[in-house]
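Novice: Structure for the following, please:
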Amino acid sequence: MAEFSLYRRRVGAVRPSHLMFTSGVGSLVDLPNFSVLVKGLDDWQYKASEDPERNSALITEPRLLAAVQKLLSKTVRELRPAPWLPGTDTNPNGEAARTGVPVVPFPGWMRCTACNLLARIDSKAFEFENDKPNKPHEARFFHQCGKGNRKRLVVGARFVLACTDGHLDDFPYLEFVHHGAPCSVAAKPNLLMEDRGGNIGANVRIVCQRCKAERNIREAMGRRGRERLPRCRGRHPHLGTFTGCPKQPHVLVVGASNQWFAQTLSALAVPKTGGSELDAQVAKFWGNLQHVQDPGMLPFMRSMPPLSFEFEKWGDEELWAAIERYRMEEATGQDHEVDEYPDLLTPEWEIFSSAHLPPPSDDFTAHRDPDEPVPPLLKGFYSDVLQVERLREVRAVIGFTRLDAPDPEDPTLVKRVPLARSKPTWVPASEVRGEGIFLRLPDDLLARWEEQVERSEALLLHKEAYGRFREYRHSARTGQPFNEETRYNHWPLPRYYALHTLSHLLIRTIALECGYNSASLAERIYAGTEDDPRSGILIYTAVPDAEGTLGGLVSLAEPDELVRLTRRALAEARSCSSDPLCAERLPRKPEDFLHGAACHVCLFVSETTCERGNRFLDRRFVVPIDDPALALYRDLP
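Specialist: Take a look at the predicted model:
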């Protein structure tokens with residue numbers, strides 16, 4: 001057996017939720033002594049069973065898988081969690097220690113903290129040690145310098161380059177200090193990085209030890225500094241590829257919050273009915289069904305498990321039609337960039353708004369009071385209340401962006417970076433088991449409110465701000481004129497503002513009473529479209545690393561608790577400690593923020609909780625704070 005390599009030993013750990021939202025493929029992860037870059041899916045060593053039905057590690061959610069295939073490629077067949085095996089503590093050199101997410105040190109330039117030597121990792125000026133398998137956090141690079149050649153800690157040089165097309169590269173220190181020309185004394189001179197500190201921006205001096213040329217990193221900062229940098233090399237370090245790129249890169253500090261944004265899809269595992277359930281089953285077992293070439297083979301197929309009982313609810317004629325339908329989609333489906341995300345909310349809305357709830361299951365259990373779904377004091381506030389005792393949410397990562405976050409409604413606004421060099425056969429995913437509360441507002445109440453605010457100055461200012469928001473983002477990324485025809489594409493309905501604001505008010509109040517903190521909660525807003533308006537809010541637990549089924553959230557949907565919760569949320573929304581600044585806020589030209597009377601004191605929640613990044617919020621659309629005609633609820637229950 002080959003000797004165990006210290007360079008392939010664990011160097012740290014992250015939570016599964018980090019791999020979905022903060023430390024996924026292509027991101028930089030800060031370890032105690034250096035930073036690493038998560039490599040692409042091509043390099044992940046994922047030991048999975050060849051039979052998907054017998055592999056308990058795979059996450060099954062056909063509806064989400066179909067959406068991923070529509071956005072990426074039909075080659076995606078599986079949703080997988082992060083690779084992990086038990087046994088690291090008992091056998092640090094065993095198979096479990098070599099199972100995980102592959103990373104590579106990045107940036108490629110490092111600096112000695114003692115002598116300030118700046119050199120590339122592959123220059124052999126620095127050494128690496130990771131000889132304590134039970135202490136991966138002590139892995140480090142070191143430099144033997146100074147008196148006695150003591151091992152001095154080496155850290156990553158903290159500047160990198162990134163462009164709006166998602167490329168990431170090392171900062172060109174050698175070329176920068178020599179103004180793009182080679183050193184006049186040596187081909188590969190040693191450099192020094194001296195951090196002089198300061199209160200205004202970076203004050204880091206780069207010095208060539210051979211020709212004594214020096215330059216401050218400040219000269220590369222800002223808009224004028226970008227003009228002094230070379231063009232982007234089109235590098236994807238997580239894939240190990242270089243492509244042509246005409247963009248001008250930006251200087252980023254390692255650890256900057258805009259160096260990586262996850263692009264994810266999520267779906268609730270709600271029961272399916274009728275043809276949609278059959279289509280989902282066909283997609284799930286397509287590996288077996290694809291070999292069925294005529295209806296005459298169906299009786300033989302039904303005699304073999306697991307297909308013998310999975311399709312017993314449908315006849316041969318229905319099943320054959322579904323197989324042909326799926327085969328036609330496979331043959332005609334083309335991998336191309338779509339203009340909008342697949343609709344994952346409609347099946348959920350159909351279940352929540354149905355008069356008859358499906359039977360309880362391990363993935364979905366909901367309860368409605370058959371005699372009085374809505375407490376008498378809340379009749380004019382809600383039209384339906386559901387206690388969702390069990391639910392399962394599946395999330396999948398389909399890519400990521402740099403410098404600018406992806407738009408949750410428009411997948412083409414920001415360029416997505418691929419997760420693999422070739423078309424992937426699987427994507428990282430996680431599942432959440434939790435509980436929730438579903439609230440439906442009266443349709444007639446929302447319709448009357450929309451008529452009142454449709455021509456109001458407040459709503460007009462919000463819409464104009466959305467147009468400026470799209471224009472500024474487009475211009476900053478491409479430098480090209482904005483297409484006026486698409487200015488208001490994907491603008492949400494006015495009722496979305498009311499539903500979204502009410503959701504945040506309830507989340508902040510719920511977090512004080514249910515036992516979960518607000519970051520452990522999430523929301524799904526069912527506002528629909530102009531042709532199909534909806535009026536629902538789902539607030540649920542969303543902790544990927546544990547089962548959020550403690551019951552504390554569902555219990556708040558009991559009649560007395562819900563009345564008290566709603567009254568408190570609406571009463572506290574009428575004032576904010578930041579008033580009058582908060583209450584008077586409206587986006588006016590040239591401002592492009594997408595909220596009105598909302599701030600961190602009264603409405604904002606964590607980014608993992610809000611589905612739209614704390615945008616499209618305004619208290620005046622729910623409770624009276626200036627003009628009572630704009631408020632959805634003018635009185636308290």
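
Novice: Scan the chain for its longest helix.
Specialist: helix 457-478 (DSSP state H).

Novice: Give me the helices and strands touching that one, please.
Specialist: helix 494-510 (3 or more CB pairs under 8 Å, 6 or more residues apart in numbering; DSSP states H and E). (Each C-beta comes from the backbone N, C-alpha and C, glycine too.)

Novice: C-terminal to the helix it packs on, what's the next element?
Specialist: Downstream of helix 494-510, the next assigned helix or strand under DSSP states H and E is strand 521-528.

Novice: neighbouring strands for the following helix or strand past that next one, and are they parallel or not?
Specialist: Helices and strands here follow DSSP H and E; after strand 521-528, the next one along the chain is strand 533-541. Taking DSSP bridges as the criterion, strand 533-541 sits next to strand 426-440 (antiparallel), strand 521-528 (antiparallel) in its sheet.

Novice: Quick one: those as JSON lines, columns for mean pLDDT, distance to Glu350 and mean neighbour count too.
Specialist: Shown next, in JSON lines, are those (pLDDT from 0 to 100; distance: least, CB to CB, whole Å; neighbours: other CB atoms under 10 Å):
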{"stretch": "strand 426-440", "mean pLDDT": "92", "distance to Glu350": "13", "mean neighbour count": "24"}
{"stretch": "strand 521-528", "mean pLDDT": "94", "distance to Glu350": "10", "mean neighbour count": "22"}
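
Novice: Wait, Ala96 touches Thr88, no?
Specialist: Yes: the criterion here is CB atoms under 8 Å, and Ala96 meets it with Thr88 at 4.5 Å.

Novice: buried set for the longest helix of the chain?
Specialist: With burial defined by 16 or more other CB atoms under 10 Å, the residues of helix 457-478 counted as buried are 458-459, 461-462, 464-471, 473-474, 477.

Novice: Disregarding flanking residues, what is the spatial nearest neighbour of Lys284?
Specialist: Among residues not flanking Lys284 along the chain, Pro62 sits closest, at 5.1 Å (CB to CB, 6 or more residues apart in numbering).

Novice: about what we covered before: for Ala96 and Thr88, indicate the residue with more neighbours.
Specialist: Thr88 (21 against 17; other CB atoms under 10 Å).

Novice: so Ala157 sits right up against Phe106, yeah?
Specialist: No: using CB under 8 Å, Ala157 is not in contact with Phe106; the gap is 10.5 Å.

Novice: which SS state does His225 fall under?
Specialist: Not quite, residue 225 is Gly, not His. helix (DSSP: H, G, I helix; E, B strand; the rest coil).

Novice: The residue nearest to it when sequence neighbours are not counted - how many residues pack around it?
Specialist: Spatial nearest neighbour of Gly225, excluding adjacent residues (CB to CB, 6+ apart): Glu219 at 5.8 Å. Neighbour count for Glu219, taken as other CB under 10 Å: 14.

Novice: just Pro246 next, same as before
Specialist: Neighbours around Pro246, by other CB under 10 Å: 9.

Novice: which stretches of the stretch 301-450 of the chain form helices?
Specialist: 307-310, 316-332, 346-352, 443-453 (DSSP state H, counting those that start in this stretch).

Novice: and Cys183, that one's in a helix?
Specialist: No: read with three-state DSSP, Cys183 is coil and lies in no helix.

Novice: Distance check, the nearest residue to it once chain neighbours are set aside against Val177.
Specialist: Using CB to CB, 6+ apart and skipping the chain neighbours, the partner closest in space to Cys183 is Pro189 (4.6 Å). Distance, Pro189 to Val177, using CB to CB, to the nearest Å: 9 Å.

Novice: what residues are shared contacts of these two?
Specialist: The contact sets of Pro189 and Val177 overlap at Cys208 (CB atoms under 8 Å, 6 or more residues apart in numbering).

Novice: higher neighbour count, those two?
Specialist: Using other CB under 10 Å as the criterion, Pro189 and Val177 rank with Val177 on top: 23 against 19.

Novice: ok, that one touching Arg215?
Specialist: Yes: proximity of Val177 to Arg215 meets the contact threshold set by CB under 8 Å, at 4.8 Å.

Novice: list the residues that contact both of those two?
Specialist: Joint contacts of Val177 and Arg215 (CB under 8 Å, 6+ apart) are Ile206.

Novice: ok so, going back, looking at this, the residue nearest to Gly225 is in a helix?
Specialist: Yes: applying three-state DSSP, one finds Glu219 inside a helix.
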